[in-house]
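Visitor: only geometry, no sequence info:
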């Protein structure tokens, strides 16, 4: 690509890093970081040939942009999602909006391969849709969603009134069937039941490995009544020390059935209440799997017990000294980035009819799928939950709305990542590992931290540290993945002065 030339008299524009994305085996879409987009035909030998050149112009001058995603939509076209900085928003002195005054433009660009010509002059971009916001996307991808026709455009049936909005409200999401917490030697489970429940219709049986809860409640109720028949527990208990209580005055409408169970192995921390070993599909979402309700004081004790290890990793001091983790709570809370998931129709940039922006709930994002392997794998994200990293995969079955399903957990990975102060990129290799890359801004170079998933009931998880560079190559700019000759995963690290490949992850 030609080297961009900027006049000294022209207004200074913040440039972007050049970026390249494959849209075919021999076709690459690349930006020069100065406002031009090149479509390159890659050859086995010699220089690549630019078969198409596009420019992003605004207010009479080219605008630098960043490529977030590129997709081959058909044999003759592709769509590229880019972002650029817009003019700052001038807020009035009386404005109560404290968000940044910087605005960013998000555009989808259509590229037609039929219009390519090696000698063609640069042309303006064909913009499919355009949005504007206060930040740029952290991650973008395309998801194919096929909904039944009656969900896309409802057809009136006999005596049916489509104007009756109540019929089309989203179904009520029931609360979890129970909540639970634990101490070093006990488990407490709280099950809400209608206050009309009597003690004689409650049957609870404890065994060392299973729990049985039967409620013979036959009246209509707005919440499902849980029923567990010899449900296998996550670990063993001591039945002789277990008991239950029924408090129907705890709430005006609902009472609380409380189960008190004593752990057989004192000091063992349960990951969940029930075991998934006998579940028909362990990878699928188990409705009986409810996250533990942690008391704030208990969470503080967990952090305090790990403080000596974090302080040693952070500054290299003696790991046996306590009291060096001042501010650990703030550090733990700041790990990851707060994000919301937004859906955009690929055809025109509109909001899909089935998506309600009011339901957007911010999450702390720890990692996204490693670039280069997302198209062949299920779309997954790693979200922070207390000290852990929860892996959620996107389910897009043909007859349901898209939903995020919890597939696995990396225990304490959020806590460990909080101690890495030079982390530049954090990516997920589905079912294999979480990769944390240091930027390597110092002369010592950067490291790659590999965190392996652990099996249920494991007390330890494997971790590896790899040296990416000795410091001569400069800072880390980007990370991606390609397939080797035998289909193996190869991680490619782009530094300021070197290209490093890593195998055997």
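Guide: Happy to help now that I have it. Remember, it's a predicted structure, so these values are computed and weren't measured experimentally.
Visitor: quick one: the strands in the stretch 401-505 of the chain?
Guide: All strands of the stretch 401-505 of the chain, identified by DSSP state E, counting those that start in this stretch, fall at 403-410, 423-429, 433-438, 447-451, 463-467, 476-483, 489-495, 499-503.
Visitor: can I get the ones you listed in CSV with mean pLDDT, distance to residue 204 and mean neighbour count?
Guide: C-beta coordinates here come from the backbone N, C-alpha and C atoms, glycine included. Output for the strands of the stretch 401-505 of the chain, formatted as CSV (pLDDT from 0 to 100; distance: least, Cβ to Cβ, whole Å; neighbours: other Cβ atoms under 10 Å):
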stretch, mean pLDDT, distance to residue 204, mean neighbour count
strand 403-410, 88, 28, 17
strand 423-429, 91, 40, 20
strand 433-438, 92, 40, 22
strand 447-451, 91, 40, 20
strand 463-467, 88, 41, 13
strand 476-483, 88, 51, 18
strand 489-495, 91, 49, 19
strand 499-503, 91, 53, 13
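Visitor: dump the ones you listed into CSV; add distance to residue 176 as well.
Guide: As requested, those are exported to CSV (distance: least, Cβ to Cβ, whole Å):
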stretch, distance to residue 176
strand 403-410, 13
strand 423-429, 26
strand 433-438, 27
strand 447-451, 28
strand 463-467, 32
strand 476-483, 37
strand 489-495, 37
strand 499-503, 41
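Visitor: just checking, what packs against the strand or helix carrying residue 180?
Guide: For residue 180, the enclosing helix or strand under DSSP states H and E is strand 179-182. Applying 3 or more Cβ pairs under 8 Å, 6 or more residues apart in numbering; DSSP states H and E, one finds that strand 179-182 contacts strand 186-194.
Visitor: list the contacts for the spatially closest residue to residue 50 that is not a sequence neighbour?
Guide: In this structure, residue 50 finds its nearest non-sequential neighbour in residue 38, 4.9 Å apart by Cβ to Cβ, 6 or more residues apart in numbering. With contacts defined as Cβ atoms under 8 Å, 6 or more residues apart in numbering, residue 38 is in contact with 1, 29, 30, 31, 32, 50, 52, 53, 54.
Visitor: can you pull the buried residues of the helix or strand where residue 38 lies?
Guide: Assessed by DSSP H and E, residue 38 sits inside strand 36-41. By 16 or more other Cβ atoms under 10 Å, the buried positions in strand 36-41 come out as 36, 37, 38, 39, 40.
Visitor: hmm, back to that, and the strands of the stretch 401-505 of the chain: which comes nearest residue 235?
Guide: strand 403-410 (16.2 Å; Cβ to Cβ).
Visitor: residue 141 versus the residue positioned nearest the centre of the chain, what's the distance?
Guide: Ranked by distance to the mean C-alpha position of the chain (Cα atoms, centre = their mean), the top residue is residue 381 at 2.6 Å. Using Cβ to Cβ, to the nearest Å, residue 381 is found at 11 Å from residue 141.
Visitor: surely residue 143 touches residue 402?
Guide: Yes: between residue 143 and residue 402 there is a contact under Cβ atoms under 8 Å: 6.8 Å.
Visitor: pull up the overlap in contacts between those two.
Guide: Between them, residue 143 and residue 402 share the contacting residues 394, 396, judged by Cβ under 8 Å, 6+ apart.
Visitor: who has more neighbours out of those two?
Guide: Taking other Cβ atoms under 10 Å, residue 143 and residue 402 do not tie; residue 402 has more neighbours (17 against 10).
Visitor: that one and residue 68, how far apart?
Guide: 20 Å.
Visitor: show me the domain layout of the chain.
Guide: As recorded under automatic domain parsing, the domains making up the chain are 19-133, 179-289, 357-503.
Visitor: which parts of the stretch 1-150 of the chain are strands?
Guide: 19-24, 27-31, 36-41, 49-55, 57-58, 61-62, 66-74, 77-85, 104-112, 123-124, 126-133.
Visitor: surely residue 502 meets residue 493?
Guide: Yes: contact criterion Cβ under 8 Å: residue 502 and residue 493 qualify, at 6.8 Å.
Visitor: identify the contacts common to the two.
Guide: With Cβ under 8 Å, 6+ apart as the test, residue 502 and residue 493 both reach 448, 468.
Visitor: how many other residues sit next to residue 45?
Guide: Residue 45 - counted by other Cβ under 10 Å - has 4 other residues nearby.
Visitor: roughly how far does it sit from residue 124?
Guide: Separation of residue 45 from residue 124 (Cβ to Cβ): 33 Å.
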